[in-house]
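Student: when you get a sec, could you give me coordinates for this:
(4 chains)
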Number of protein chains: 2
Amino acid sequence: MHRMAAKSLKARGGSGAGKRRAGAAGTGPGRRPTISREDLISAALGLVGPHRSISTLSLREIAREAGIAPNSFYRHFRDTDELAIALIDLAGRSLRKIIGHARHRASAERSVIRTSLESFMEQLGADEKFLHILLREGNTGSEAFKRAVERELRFFEDELCVDLVRLARANNSPIAEPALAAKAITRLVFAMGASALDLPREHHAAILEQTVVMLRMIVTGAQRMASENIAAG
Amino acid sequence: MHRMAAKSLKARGGSGAGKRRAGAAGTGPGRRPTISREDLISAALGLVGPHRSISTLSLREIAREAGIAPNSFYRHFRDTDELAIALIDLAGRSLRKIIGHARHRASAERSVIRTSLESFMEQLGADEKFLHILLREGNTGSEAFKRAVERELRFFEDELCVDLVRLARANNSPIAEPALAAKAITRLVFAMGASALDLPREHHAAILEQTVVMLRMIVTGAQRMASENIAAG
DNA sequence: GCCATTTATATACATATGTATAGACATGTG
DNA sequence: CACATGTCTATACATATGTATATAAATGGC
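Tutor: Residues are numbered from 1 along each chain as shown, chains lettered A, B, ... in the order given. Prediction:
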């Protein structure tokens, strides 16, 4: 992906790419595909790690890892950036599902937040590649890639904002600026998660507790600010 | 820097590198260096940007940018990772100086934090490359590189913690867990700064205000939690 | 000027990259 | 079976990379 960012800024129109996509599998004459987009994404996932950012993967090494000739790559993705963006989408979807389950399991006052955070940390410790990439690769890469990451963060902020508003109402304890509080929480959790990635597993529980305290500060502060606003208004 | 991370993990001992360093300039026979470490760092700075992470720069393109033959690079740095680490050190030092000045200029209650944040945002808007790199490149790269970035973050946390404790005492308004509050603030400011990088300059004032509100939540919450602890204790 | 030293360059090597073109292979349909 | 189609591979090309070796160039001391 060298110079890939500069390339991806030259818009070429997506029409040709759509037509050449390997999408007619199973519905007519022609060889069946032996490899899918998902196989290529898995190959890329097998290559990224703490010291290999997705933006440093070359098309040829992904193809090699997937067991295909380099030129076959183009039948599935326009370039490696497109694969990276597809991967971020998948990662966000996966994490959203996990956090969604955690939200359903929560029942007590602050437990939505705590159980979400616990699920998050579990995934972190489970060596869940999707989550690792989301946490690590948010700030570099092509414009489109960064937008994809930002979009995932926004999903979490929006969901958390809804939760905060609902909790405030349920407890008759309003909070100031729920959208900002949600944004602060989300960004902080992602930052703490990214730091935790480089620490041994034994430290994860401590990071979780630290993060819980931080989140409590934000929520408590937002509640206090709301009651000050009411008193002042 | 392809595979540079894997290379940097194979410790080779720094002794040889120290001996071969271009350090005897001006004190004996021998050609004078025509280029310095700082020139190479400046060349690298000229190449990084929103879509070119430092970890993607090759030795040859840095040398080209600096106007030297590739092999001369080795007289100044062992490899590109060593340059990257030196750059992070420089960036941290530069930012620490700027924030230090802001701290000296502050006089009122919360103004240490606000003026520091304003200085931070000014630097952001001034296209200060050092700051951009610190914000963007914290989570990928070699172990040594990530440690260098983490070290810079720690410096800011420690300074802010001192400020928070001092403010709490001056106002007779204790705060709970000042170290955690400082960590939350630092991580959040860096995350918000990184997001701001990809937005037009007109949005920076809005991001600053959002960040101020978030920081107020944390401080207010920490104060509330401290008074609750006192009440419970 | 000669010499030792230090720095920089040129050249070479092996290997890696993305992409284009031509051909091979696998599949379903008539 | 022949054919059209869709997918994959092999080969080629131009260019890029990091690093090794030999040589050139610049400098100060004698």
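Student: contacts and neighbour counts: CA atoms only from here.
Tutor: Fine.
Student: residues touching A:I88, list them.
Tutor: By CA atoms under 8 Å, 6 or more residues apart in numbering or on different chains, A:I88 lies in contact with A:F130, A:I133, A:L134, A:F145, A:A148, A:V149.
Student: and chain A, which residues reach chain B?
Tutor: A:2-3, A:5-6, A:50-53, A:56, A:136-137, A:139-143, A:180-181, A:184, A:187-188, A:191-192, A:194-195, A:210, A:213-214, A:216-222, A:224-225 (CA under 8 Å from any CA of the partner chain).
Student: filter the residues you listed down to the buried ones, PyMOL style.
Tutor: Those of the residues of chain A next to chain B that count as buried under 16 or more other CA atoms under 10 Å in any protein chain shown are selected in PyMOL with:
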select buried, chain A and resi 5+50+51+52+53+56+136+137+139+140+141+142+143+180+181+184+187+188+191+192+194+195+210+213+214+216+217+218+219+220+221+222+224+225
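Student: so which of the residues of chain A next to chain B belong to helices?
Tutor: Those of these mapping onto helices are A:5-6, A:136, A:143, A:180-181, A:184, A:187-188, A:191-192, A:194-195, A:210, A:213-214, A:216-222, A:224-225, per DSSP state H.
Student: give me the neighbour count for the residue in chain A positioned nearest to DNA strand D.
Tutor: Nearest residue of chain A to DNA strand D: A:G30, at 2.9 Å (CA to the nearest atom of the strand). Neighbour count for A:G30, taken as other CA atoms under 10 Å in any protein chain shown: 9.
Student: related to what we said a few turns ago, and the contacts of A:I88 as a markdown table, adding secondary structure?
Tutor: Formatted as a markdown table, those follow (DSSP: H, G, I helix; E, B strand; the rest coil):
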| residue | secondary structure |
| --- | --- |
| A:F130 | helix |
| A:I133 | helix |
| A:L134 | helix |
| A:F145 | helix |
| A:A148 | helix |
| A:V149 | helix |
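Student: highest neighbour count among those?
Tutor: A:F145 leads the contacts of A:I88 on contacts (other CA under 10 Å) with 27 neighbours.
Student: ok, for that one, nearest residue in space, not its chain neighbours?
Tutor: Sequence neighbours aside, A:I85 is the residue nearest to A:F145 in space, at 5.3 Å (criterion: CA to CA, 6 or more residues apart in numbering or on different chains).
Student: neighbours of the one you found, how many?
Tutor: Neighbours of A:I85 (other CA under 10 Å): 18.
Student: let's verify it: helix, strand, or coil?
Tutor: helix.
Student: how near is the closest residue to chain B within chain A to B:T115?
Tutor: Proximity of chain A to chain B (CA to the nearest CA) peaks at A:G221, 3.5 Å away. Using CA to CA, to the nearest Å, we find A:G221 at a distance of 21 Å from B:T115.
Student: show me where pLDDT drops low in chain A?
Tutor: A:1-27, A:106-111, A:230-233 (pLDDT under 70).
Student: could you rerun that using 90?
Tutor: A:1-30, A:49-52, A:55, A:93-144, A:146, A:163, A:166-168, A:170-173, A:197-201, A:228-233 (pLDDT under 90).
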